[in-house]
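Q: pasting the structure only:
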């Protein structure tokens, strides 16, 4: 079967769920059955007593990590898409360069610096890292929202007007659905990067999958570091491949031949 | 009834449309003809207020269009364009349902109307309803575009080069379809085209534009009989004008009663155009044809001499008026 044939609507690739399932299973195994890897971990850190991180259960850490990234993602998506939409409307067009620059600034500003600045204001814990993640994750979403909306064919917008759609109807029925795959790509980048970045939260007392990594660095226990890193990587891959499936489904039916 | 009075449109320093006036009575088909950039599309877009005129008045049923709410105005005007403007994320059915849904018709009525239009435009529902615009051929997409423009049963239909991007065969088929449709629905239509033959074939009233201004307007026959200048003459095809004129006249309007002589061997149905009749004469090497009705009964005759003479007198009349 040719790749083109597989993408025809009504004939979706039956293997599209394969990768997310594989990553999710591996993630589940890593979280639930880390002691099985004891021999390998002992080889990594031969001089330590406990090689499997046990101070907090991995399920708890995973849950907290996902919650942190999730809350940050919801905030980023709301702020990012709203900003992108606002500055492409006639009334907000003057702010387009400003918003673009602010988003870029957010990403060039290192999350570590954000943490350092946020802690005195917000205190230790999860709040500063959520704040840093929101700032760090805005750029891809704002940039892709702008690109997605600006790429919508002017003819379609003129036709939508000509058919008698109000500005709001044009936005929700035509512009956003057409820009959705591009916006989703931005969301995907933002979330995936933030899953890794969230580990930094452990340095300011947030309890998440960064905890074993920081503990490992402090105690010179490489095994801890590897456990945290592996689970974070698997979580990032799972989420990324899930969003990938969604993105494909969005684009699938409307591909021009 | 659409009426434009001394309408102009400026884009910055460029005057795209220069003081034009014309009117389209209810149920009539008007074509704006001209080369690209002559202001015909801008004129069309002023009628549904996609662009606002700089000067002059545009009246719809004797009311200035500025008095209408633009959104409501557009929902009662069908709009079809060359690039089809079909929404790629919606299937054929949803695309056709655009305006009825904006007007919040009940779902069953929308469904019924969409299926009716698909039948009307020869788009089998089972085959096309769930296809996406990307899967359609140019002609099919254009038919969906026309169906969408007609969906809410508007009195007015604006079409911007609807068949411009199609191959000649498909274009011809769609023109036939549109002519048939208009004969049945009697919409008030404004069609923008650069194809004079398309305009002659479909329109009751032609408006020829050049560099933003109207060069000539009138019925297809009036233009063919007396083009205002060389430009209009060249658009009309120069030497071909005589034949094009013949193509617009039915043989039944020119035939003579059956004479005492034997009927000619060549027979033409009375619905034929003079052009088709002429072609039969050339084919059969015959200077005379017998005109027959739908039951193949002779109802009149036409000689080459009379045909040529009539064309002359007609032209004479046009000169006098």
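A: In hand now; what should we look at? All values derive from a computational prediction rather than experimental measurement.

Q: may I have the predicted confidence score for residue 137?
A: This is for chain A. Looking at residue A:137, its pLDDT stands at 89.

Q: correction: the question concerned chain B.
A: Reported pLDDT for residue B:137: 91.

Q: quick one: it and residue A:234, what's the gap?
A: Going from residue B:137 to residue A:234 by Cβ to Cβ, to the nearest Å gives 47 Å. For the C-beta atoms, the positions are set from N, CA and C on the backbone; glycine is no exception.

Q: ok, and for stretch B:120-127, which residues are buried?
A: Using 16 or more other Cβ atoms under 10 Å in any protein chain shown as the test for burial, stretch B:120-127 gives B:120-121, B:123.

Q: average model confidence for it?
A: Averaging pLDDT along stretch B:120-127 yields 91.

Q: the more surrounded of residue B:137 and residue A:234?
A: Taking other Cβ atoms under 10 Å in any protein chain shown, residue B:137 and residue A:234 do not tie; residue A:234 has more neighbours (21 against 11).

Q: does the more buried one count as helix, strand or coil?
A: helix (DSSP: H, G, I helix; E, B strand; the rest coil).

Q: could you measure from the residue in chain B that chain A sits nearest to over to residue A:234?
A: Scanning chain B for proximity to chain A using Cβ to the nearest Cβ identifies residue B:85 as nearest, at 3.0 Å. Applying Cβ to Cβ, one obtains 45 Å for the distance of residue B:85 from residue A:234.

Q: for residue A:193, what are its contacts?
A: Taking Cβ atoms under 8 Å, 6 or more residues apart in numbering or on different chains as the criterion, residue A:193 is in contact with A:136-137, A:140.

Q: if we go to 10 Å?
A: If you count contacts by Cβ atoms under 10 Å, 6 or more residues apart in numbering or on different chains, residue A:193 has them with A:69, A:107, A:111, A:133, A:136-137, A:139-140, A:236, A:240.

Q: could I get those as TSV with neighbour count, distance to residue A:125 and secondary structure?
A: Compiled in TSV, those are given as follows (neighbours: other Cβ atoms under 10 Å in any protein chain shown; distance: Cβ to Cβ, whole Å; DSSP: H, G, I helix; E, B strand; the rest coil):
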residue	neighbour count	distance to residue A:125	secondary structure
A:69	30	15	helix
A:107	18	24	helix
A:111	24	16	helix
A:133	28	14	helix
A:136	24	18	helix
A:137	31	19	helix
A:139	23	25	helix
A:140	24	26	helix
A:236	20	23	helix
A:240	18	27	helix
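
Q: for these, which one is nearest chain B?
A: Distances from chain B to those, taken by Cβ to the nearest Cβ, are shortest for residue A:140, at 22.6 Å.

Q: a markdown table for the contacts of residue A:193, including distance to residue B:58?
A: Below are the contacts of residue A:193 laid out as a markdown table (distance: Cβ to Cβ, whole Å):
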| residue | distance to residue B:58 |
| --- | --- |
| A:69 | 56 |
| A:107 | 50 |
| A:111 | 58 |
| A:133 | 54 |
| A:136 | 53 |
| A:137 | 50 |
| A:139 | 46 |
| A:140 | 46 |
| A:236 | 59 |
| A:240 | 54 |
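
Q: sort those by pLDDT and name the bottom one.
A: Minimum pLDDT across the contacts of residue A:193 is recorded for residue A:107, with 75.

Q: so what's the residue count around the residue of chain B closest to chain A?
A: Quick note: residue B:85 (other Cβ under 10 Å) scores 24 neighbours.

Q: you'd agree residue A:242 is up against residue A:27?
A: No - the criterion here is Cβ atoms under 10 Å, and residue A:242 misses it with residue A:27 at 11.4 Å.

Q: next up, the contacts around the residue at the greatest distance from the centre of chain A.
A: Centroid-distance maximum for chain A: residue A:162 at 37.9 Å, with Cα atoms, centre = their mean. Residue A:162 sits next to B:44-45, B:48-50, B:74-75, B:77-81, B:85, B:149, B:158, B:160 when contact means Cβ under 10 Å, 6+ apart.

Q: can you check residue A:106 too?
A: Contacts of residue A:106 were listed using Cβ under 10 Å, 6+ apart, and they are A:76, A:80, A:114, A:132, A:134-139, A:142.

Q: tell me where the stretch 151-257 of chain A has helices.
A: For the stretch 151-257 of chain A, the helices defined by DSSP state H, counting those that start in this stretch cover A:154-162, A:167-169, A:176-197, A:210-219, A:222-252.

Q: ranking these by burial, who's on top?
A: Mean neighbour count (mean count of other Cβ atoms under 10 Å in any protein chain shown) peaks for helix A:176-197 among those, with a mean of 22.

Q: now the helix or strand hosting residue B:95: mean pLDDT?
A: According to DSSP states H and E, residue B:95 maps onto helix B:92-96. The pLDDT scores in helix B:92-96 average 95.

Q: quick one: is the helix or strand following that helix near chain A?
A: Downstream of helix B:92-96, the next assigned helix or strand under DSSP H and E is helix B:98-102. Yes - in terms of Cβ under 10 Å from any Cβ of the partner chain, part of helix B:98-102 sits within range of chain A, namely B:98-99, B:101-102.
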